[in-house]
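Asker: sharing a sequence plus its predicted fold:
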Amino acid sequence: MRLNMTSALRDGMARPTRGNTPMLKRRMAAVAVAATGLMATGLTASPASALPSDGGVPIKLQDNLCLDIPGGHAVIGAQIQQWGCNGSDAQRWNFVHVDSTHFLVQSSLDTNLCINNWEGGDKTGNHIKLYNCANTGDGSFNWVHRGNGTQMQPRSAATNCLDAWSGTGQGNEIRLYPCTDAPGENFA
């Protein structure tokens with residue numbers, strides 16, 4: 001079949017010239033309109049790892065208790081505790097990977113809030129509370145291994161890990177304590 005270029009141009013087909021074709025101009029206009037619509041709605045591209053996982057997962061310690069937001073009140077400064085695993089949203093967390101070894105632990109109740117090494121640094125007794133999610137030394141964590149266990153450690157800490165303060169009782173605060181192979185510090 002032979003193409004008649006005069007009728008092709010009249011019917012709106014692209015001209016066989018470089019970069020300045022009517023078809024290219026229409027496509028670029030459509031892309032610009034679509035991009036403007038996305039920006040107006042506030043949608044932006046983000047890495048897949050930043051997306052929350054389907055409602056989060058419980059984080060269970062080997063003492064059969066889970067990391068918990070008391071009363072389900074996800075607010076800045078809420079002290080993280082251990083509590084009997086019950087499947088509530090107060091015990092559901094998203095792991096948001098920020099590099100190959102570190103992650104944020106994001107609340108499923110409010111995805112703007114993550115667990116945080118409240119006082120900062122590597123001091124025994126520091127509280128673990130909710131704060132605005134940020135890829136900082138006190139807001140990101142990694143897994144470490146002492147003995148037969150797996151512990152969670154803030155990036156800003158060298159010797160301390162998350163620990164059920166004062167033992168393995170329900171309601172005990174999560175704080176920093178030297179990383180050890182213990183039920184209130186090992187994650188299941």
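Answerer: It's in.
Asker: going forward, measure contacts and count neighbours with C-alpha atoms only.
Answerer: Fine.
Asker: who's in contact with the nearest residue to residue 119 once chain neighbours are set aside?
Answerer: Distances taken as C-alpha to C-alpha, 6 or more residues apart in numbering place residue 126 nearest to residue 119, at 5.7 Å, with adjacent residues excluded. Contact partners of residue 126, counting by C-alpha atoms under 8 Å, 6 or more residues apart in numbering, are 117, 118, 119, 120, 175, 176.
Asker: kindly recompute the last result at 10 Å.
Answerer: Shown in contact with residue 126 (C-alpha atoms under 10 Å, 6 or more residues apart in numbering): 116, 117, 118, 119, 120, 160, 161, 162, 174, 175, 176, 177.
Asker: ok, residue 105 next?
Answerer: Residue 105 makes contact with 56, 59, 92-97, 111, 113-116, 130, 133, 139-141, according to C-alpha under 10 Å, 6+ apart.
Asker: kindly recompute the last result at 8 Å.
Answerer: Contacts of residue 105 by C-alpha under 8 Å, 6+ apart are 93, 94, 95, 96, 114, 115, 140, 141.
Asker: check residue 127 too.
Answerer: Residue 127 touches 79, 117, 118, 119, 173, 174, 175, 176, counting by C-alpha under 8 Å, 6+ apart.
Asker: which strand or helix spans the last one?
Answerer: When you say that, I think you mean residue 176. Take DSSP states H and E as the rule and residue 176 turns out to sit in strand 174-178.
Asker: rounded mean pLDDT for that strand, please.
Answerer: Computed over strand 174-178, the mean pLDDT rounds to 98.
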